[in-house]
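1. Fold the following.
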Amino acid sequence: ADFEPPFDRLIVGRVDRLDEIIEAVRPDRIVIALGDRRGRLPMRVLLNARLQGIRVEDGVRFYERVSGKVAIEALNPDHLVSSSGFRQHDLDCAIRRALSLFVSTLALVVFAPLIALIAIAIKIDSGGPVLFVQDRIGLGGRRFALLKFRTMHPAWRTVSEWVSDNDGRITRVGRWLRRSRLDELPQLVNILRGDMNLVGPRPHPVCNFDLFLARIPYYPVRTTVLPGLTGWAQVRQGYANGLDEEIEKMRYDLYYIKHRSAWLDLRILLHTVLTVISDNAATVAVRHGAAPQPTYGPSPLQPDRGLP
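-> Sure thing, here's the model as predicted:
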């Protein structure tokens, strides 16, 4: 296939010797990863393997299951149309929306004192407005005004939307807000307005839309769901600082869109909470002179225990 598998592999022979290889290796699974299968698949051998209890899997689906992302390079429109995923179930959609509304309302009440303290800290530290409002792309490609606590000094012109290009503009309070993810708290209001859900692909700035539309395969699929405060790409990949990293995050976004469910949303929320706690614990350890342990995202999914 045209993508790299997420594991080391040993070449044991040619596909036309598959029957001999099966006899010698005795595998419990055969993964078919041929870019062009026309006339190349030994169907009789594969059928016999199935009858012997050997699992036969498509390479693209196997890659997706063990890596938690979609192989964009191997994707085609037929897969999107015929796949069992990418479907929206009304009941599950209602459950996910109810979860978003309940958690957002509760969080606004619980964090109200903290929100007030952050607003005061921003005013004391750098003056100016407390909130940063930016047009983002939402459901169906529609624009909406995304709310964040302001973390940077105003600029005369926009240099770039990527974090690394604006590092010099970040305020003292803003650096702490970004590190703790508290700058995203005002987006709870966006969730109550119906602009966002708790979980979904992160909404991109309008100014990047044309670039991403032209350079990222299947980018319009991203706009078929409500964007989120956190998402599968966030807990697996983190922030993007360039187009290549945005493409990598798109692989995770497609996986989420294909498999979205209330259960997956709960997993992502749990991962998000654990990531915030571990990052803040590492920051405290550095401040006190301790050597922090490296933090990693969730481990790759096991082949037989992957998400749906």
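2. which secondary element of this protein has the worst mean pLDDT?
-> Least confident helix or strand, the chain: helix 77-82 with a mean of 76, by mean pLDDT, DSSP states H and E.
3. Just name whatever secondary elements it is in contact with.
-> Where contact means 3 or more C-beta pairs under 8 Å, 6 or more residues apart in numbering; DSSP states H and E, helix 77-82 is not packed against any helix or strand. For glycine as for every other residue, the C-beta is placed from the backbone atoms N, C-alpha and C.
4. chain center to the following helix or strand past it: distance?
-> Sequence order places helix 90-110 as the next helix or strand after helix 77-82, per DSSP states H and E. Relative to its chain's centre, helix 90-110 lies at 20 Å (C-alpha atoms, centre = their mean, to the nearest Å).
5. what does stretch 233-244 give?
-> 8 Å.
6. Just the endpoints, please. Distance across that stretch?
-> End-to-end distance for stretch 233-244: 14 Å, by C-alpha to C-alpha, to the nearest Å.
7. tell me the mean pLDDT for it?
-> Across stretch 233-244, pLDDT averages out at 88.
8. same check, this time on stretch 105-119
-> When pLDDT is averaged along stretch 105-119, the result is 97.
9. What ranges in the protein fall below the confidence cut-off?
-> 1-9, 35-39, 155-167, 280-308 (pLDDT under 70).
10. Could you break it into its assigned domains?
-> 15-67, 90-287 (automatic domain parsing).
11. Can you classify Leu10 as helix, strand or coil?
-> Secondary structure assignment for Leu10 (DSSP: H, G, I helix; E, B strand; the rest coil): coil.
12. Counting neighbours, what do you get for it?
-> By other C-beta atoms under 10 Å, the residues close to Leu10 number 5.
13. cool, and Tyr63?
-> Using other C-beta under 10 Å, Tyr63 is surrounded by 23 other residues.
14. Check the one 5 residues further on too.
-> Applying other C-beta under 10 Å, we find 24 residues neighbouring Gly68.
15. and if you look at Phe209?
-> Using other C-beta under 10 Å, Phe209 has 17 other residues around it.
16. and if you look at Asp244?
-> 10.
17. Next up, phi/psi of it, please.
-> phi -60, psi -40 (degrees, to the nearest 10).
18. Any figure for the gap between it and Arg215?
-> For Asp244, the distance to Arg215 equals 10 Å [C-beta to C-beta, to the nearest Å].
19. and the helix or strand harbouring Asp135, what other elements does it pack with?
-> Element membership for Asp135 (DSSP H and E) is strand 131-137. Helices and strands touching strand 131-137, by 3+ C-beta pairs under 8 Å, 6+ apart, are strand 143-149, helix 206-215.
20. mind listing what's buried in the longest one?
-> Looking back up the chat, that one is helix 206-215. By 16 or more other C-beta atoms under 10 Å, the buried positions in helix 206-215 come out as 208-209, 212.
21. quick one: which of the domains of the chain is nearest Leu75?
-> Closest of the domains of the chain to Leu75 is domain 90-287, at 6.5 Å (criterion: C-beta to C-beta).
22. still on that earlier bit, among the domains of the chain, which comes closest to Val81?
-> Among the domains of the chain, domain 90-287 comes nearest to Val81, with 11.9 Å by C-beta to C-beta.
23. what residue is smack in the middle of the chain?
-> In the chain, the residue lying closest to the centroid (C-alpha atoms, centre = their mean) is Ala233, at 1.3 Å.
24. Any idea how many residues pack against the residue nearest to Thr230 when sequence neighbours are not counted?
-> In this structure, Thr230 finds its nearest non-sequential neighbour in Thr272, 4.4 Å apart by C-beta to C-beta, 6 or more residues apart in numbering. Using other C-beta under 10 Å, Thr272 has 19 neighbouring residues.
25. can you tell me which residues contact Thr272?
-> Contacts for Thr272 were tallied using C-beta atoms under 8 Å, 6 or more residues apart in numbering; they are 230, 234-235.
26. Over to Ala262?
-> Residues in contact with Ala262 (C-beta under 8 Å, 6+ apart) are 92, 95-96, 99.
27. Glu184: which of those residues is nearest?
-> Leu99 (17.5 Å).
28. does the closest one really touch Asp265, like I thought?
-> Yes. Assessed by C-beta atoms under 8 Å, Leu99 is found in contact with Asp265 at 6.6 Å.
29. what sits in contact with each of these two?
-> Listed as contacting both Leu99 and Asp265 by C-beta under 8 Å, 6+ apart are Leu198.
30. Have a look at the two and say which one is more surrounded.
-> Asp265 (25 against 17).
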